[in-house]
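Undergrad: Quick one: sequence plus predicted model below, questions after.
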Amino acid sequence: MNILLIVCDTLRADHLGCYGYFRDTSPNIDRIAREGVLFEDFYNAGCPTGPAFTSIITGLQAIHHKYYKFGEPNIRQVDDRIFTVAEILRAMGYTTAAFDNLMTLMSGRGKHFVRGYEFYVNCGPDAFDLAHELRAEQLNRRLVPWLREYAHERFFLFVHYWDPHFPYNQPEEYRNLFKHEVGTLSDLEIKEAPAGYEYVPGWGTKEQIIKEEKRFLERGCSVDLYDGEIAYVDKAIGEVMGVLEDQGVLNETLVIVTSDHGEQLGQHYNFWGHDGLHDADVHIPLIMRYPKRLPKCKEVSGFCQQIDLLPTILDLTEGPTDVLEIDGQSIMPLLKDCKIRNWLFMEHTNGQRAIRTDEWKLLADEWTGRPRRELELYNVERDPMETINLAKVEEEKAAELRSELQNWVRANLKEGEPDPVIYDDYGEKQKRRIEYRQKMREFVSSIGSGYREGHYLREPSKDDNFALDA
């Protein structure tokens, strides 16, 4: 068995055709779903990119691997005694390769992202480009030749596409693929929530869309562009699947398509990026194709998370799960309608934590580095867009879930151990970013590279956070 793990950064589940989206954004991913298994209730464990990828490759909740932030001098490194999926599979005899540029984003402060790889190919087009600007075609330019050369070795291949993360820099034909008329709703699919409001799946309530979309469009953000990026990365995935087929190894390869987190798209906090734990941010796709072990065209319900990917891979490869201290478990029982958990616990680098059941979702702010956000409680069955905060109405339910969340935190910390999600360095962080940008500006000027002005080479503005929240 070969293993191809594809992670599309910032990809929401509800913007894919196979998850019911009304636009044709993902024909190649949809085909993978038709030929494999789609997991309906797959969720992020740690948001955003840093904790998410770390949970994927270690099988640990963020409270255990402690990698909440990246790119700062005082960052916590992941303990070397925590194995990554690449280290485990290489020890099992796999040729391991990654096509990624997380080390560019982390400036070397994330060595666990490269541990275990025989080949780590940093696909960034320029040493000083913003990591998020890597386009799928640039990555495939490095990936496809490697895959053709090594397709007949037993490989574990990790592929990290930044699309559809902001900035939206896809080719022109994918910038104009979808055209919604701002100020109208006639071209959108409208549904009515049990709570009584009308909404567009994947977009938000009618009121949110009409009120906010023009303001975000002025910043270069629109759902049209986001969906165009999905179609663009979908084409790149189709190219990779074609190479596997041409090499005769497609059916010998476990193909996994997932994401690290979603995107708010303006639904919460008047924010476009991924600064929360609402379903817009944490409900992500998981699709697996391997005809030798997995059924065809099957949709599976039941909670599962990123922490479950490592044990699932080891289950399918008959790897050594019993000697690892991990939080996740194989999701294979879900194929037989056996639940593996009744609760979801999620964490965010901004200090927010969430607990979710089939019916309820509670978001609580733990961070003391800025004014705390209010407690949020949603009945997600009646209120799928999470717009009606019931924390002050359903006080008993809010207290019950808050207690469960606090008990989970206490159970996962050693006696006397400080809560690792709490950072009080926001002001110092901003100071270091400004100093870094000034040094980089001076360096680029000294070498006369003609580097175009980018996000990291100008003074931060009040709007930076919507684009730089990797």
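TA: Structure's in. What do you need?
Undergrad: Glu212 and Cys221: what is the separation?
TA: Glu212 is 10 Å from Cys221, where distance means Cβ to Cβ, to the nearest Å. (C-beta placed from N, C-alpha, C; glycine too.)
Undergrad: can you list residues touching both of these two?
TA: Gly266 (Cβ atoms under 8 Å, 6 or more residues apart in numbering).
Undergrad: So these two - more neighbours on which side?
TA: Legend: neighbour count by other Cβ atoms under 10 Å for Glu212 and Cys221, higher for Cys221 (23 against 17).
Undergrad: Isn't the more buried one up against Phe271?
TA: No. Using Cβ atoms under 8 Å, Cys221 is not in contact with Phe271; the gap is 10.3 Å.
Undergrad: So what's the residue count around the closest residue to Arg373 other than its chain neighbours?
TA: Distances taken as Cβ to Cβ, 6 or more residues apart in numbering place Asp365 nearest to Arg373, at 4.4 Å, with adjacent residues excluded. Applying other Cβ under 10 Å, we find 17 other residues in the vicinity of Asp365.
Undergrad: do the one 10 residues further on as well
TA: The criterion is other Cβ under 10 Å. On that basis, Leu375 has 17 neighbouring residues.
Undergrad: And it, what's its pLDDT?
TA: pLDDT, Leu375: 94.
Undergrad: which one is it nearest to, not counting chain neighbours?
TA: Closest to Leu375 by Cβ to Cβ, 6+ apart is Ala391, at 4.4 Å.
Undergrad: Then Glu299?
TA: Here the residue nearest Glu299, using Cβ to Cβ, 6+ apart, is Leu38, at 4.9 Å.
Undergrad: List the contacts of Ala389.
TA: That one is not Ala; residue 389 is Asn. Glu374, Glu376, Leu377, Tyr378.
Undergrad: go on, Trp272?
TA: Residues in contact with Trp272 (Cβ under 8 Å, 6+ apart) are Phe166, Phe216, Arg219, Cys221, Glu263, Gln264, Leu265, Gly266, Phe466, Ala467.
Undergrad: May I see those arranged in JSON lines, with secondary structure and distance to Glu181 as well?
TA: JSON lines is the format used below for the contacts of Trp272 (DSSP: H, G, I helix; E, B strand; the rest coil; distance: Cβ to Cβ, whole Å):
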{"residue": "Phe166", "secondary structure": "coil", "distance to Glu181": "22"}
{"residue": "Phe216", "secondary structure": "helix", "distance to Glu181": "15"}
{"residue": "Arg219", "secondary structure": "coil", "distance to Glu181": "19"}
{"residue": "Cys221", "secondary structure": "coil", "distance to Glu181": "17"}
{"residue": "Glu263", "secondary structure": "coil", "distance to Glu181": "22"}
{"residue": "Gln264", "secondary structure": "coil", "distance to Glu181": "22"}
{"residue": "Leu265", "secondary structure": "coil", "distance to Glu181": "17"}
{"residue": "Gly266", "secondary structure": "coil", "distance to Glu181": "17"}
{"residue": "Phe466", "secondary structure": "helix", "distance to Glu181": "24"}
{"residue": "Ala467", "secondary structure": "coil", "distance to Glu181": "25"}
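Undergrad: Pick out whichever of these sits closest to Glu386.
TA: Gln264 (10.7 Å; Cβ to Cβ).
Undergrad: from the chain's centre, how far out does the longest helix seen in the chain sit?
TA: When the chain is parsed with DSSP state H, its longest helix is helix 223-246. Taking Cα atoms, centre = their mean, to the nearest Å, the mean C-alpha location of helix 223-246 is offset from the chain mean by 17 Å.
Undergrad: Buried residues, it. List them.
TA: Buried residues in helix 223-246, counted by 16 or more other Cβ atoms under 10 Å: 223-238, 240-241, 243-244.
Undergrad: can you pull out the helices in the stretch 201-350 of the chain?
TA: Remark: helices assigned in the stretch 201-350 of the chain by DSSP state H, counting those that start in this stretch are 206-217, 223-246, 279-282, 309-317.
Undergrad: Figure out which of these is closest to Thr49.
TA: Relative to Thr49, the nearest member of those by Cβ to Cβ is helix 279-282, separated by 11.8 Å.
Undergrad: Give me the contact list for that closest one.
TA: So helix 279-282 is in contact with 12, 43-44, 47, 261-265, 267-268, 274-275, 346, 354, 361, 380, 384, 386, going by Cβ under 8 Å, 6+ apart.
Undergrad: Break the chain down into its domains, please.
TA: Domain ranges of the chain: 2-180+222-342, 351-424, 427-466, per automatic domain parsing.
Undergrad: from those domains, which stretch is densest packed?
TA: Highest mean neighbour count of the domains of the chain: domain 2-180+222-342, a mean of 20 (counted as mean count of other Cβ atoms under 10 Å).
Undergrad: where along the stretch 1-150 of the chain do the helices fall?
TA: So, for the stretch 1-150 of the chain - with DSSP H, counting those that start in this stretch - the helices run 27-34, 49-58, 62-65, 85-91, 102-106, 136-150.
Undergrad: Among the ones you listed, which one carries the weakest average confidence?
TA: Looking at the helices of the stretch 1-150 of the chain, the bottom one is helix 102-106 with a mean of 71.
Undergrad: Isn't Ile284 up against His15?
TA: No. Ile284 is beyond contact range of His15, at 10.5 Å (criterion: Cβ under 8 Å).
Undergrad: Touching, the residue nearest to Arg373 and His348? I think so.
TA: No. Counting by Cβ under 8 Å, Asp365 does not reach His348; the two are 9.3 Å apart.
Undergrad: low-confidence ranges in the stretch 51-200 of the chain?
TA: Applying pLDDT under 70 to the stretch 51-200 of the chain flags the ranges 70-76, 104-109, 125-131.
Undergrad: do that again at 50, thanks
TA: Residue ranges of the stretch 51-200 of the chain with pLDDT under 50: 73.
Undergrad: doesn't Phe156 make contact with Ala86?
TA: Yes. Under the contact definition of Cβ under 8 Å, Ala86 touches Phe156, with a separation of 6.5 Å.
Undergrad: Are there residues contacting both of those two? Which ones?
TA: Thr96.
Undergrad: what does stretch 56-63 rub up against?
TA: Contacts for stretch 56-63 (Cβ under 8 Å, 6+ apart): 5, 7, 45-46, 51, 54-55, 65, 68, 78, 82-86, 112-113, 258, 260, 306-311, 324, 326-328, 345, 347, 409, 412-413, 420-421.
Undergrad: now the strands for the stretch 51-200 of the chain?
TA: 95-100, 119-122, 155-161, 191-192, 198-200 (DSSP state E, counting those that start in this stretch).
Undergrad: Please export the C-alpha coordinates of the third one as CSV.
TA: This points to strand 155-161. Extracted as CSV, the C-alpha positions of strand 155-161 are listed here (Å, rounded to 0.1, in the frame of the first residue of the first chain):
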residue,chain,number,x,y,z
PHE,A,155,5.7,5.6,-0.6
PHE,A,156,4.1,8.0,1.9
LEU,A,157,3.6,11.3,0.2
PHE,A,158,2.4,14.4,2.0
VAL,A,159,1.1,17.2,-0.2
HIS,A,160,0.1,20.6,1.2
TYR,A,161,-1.7,22.9,-1.1
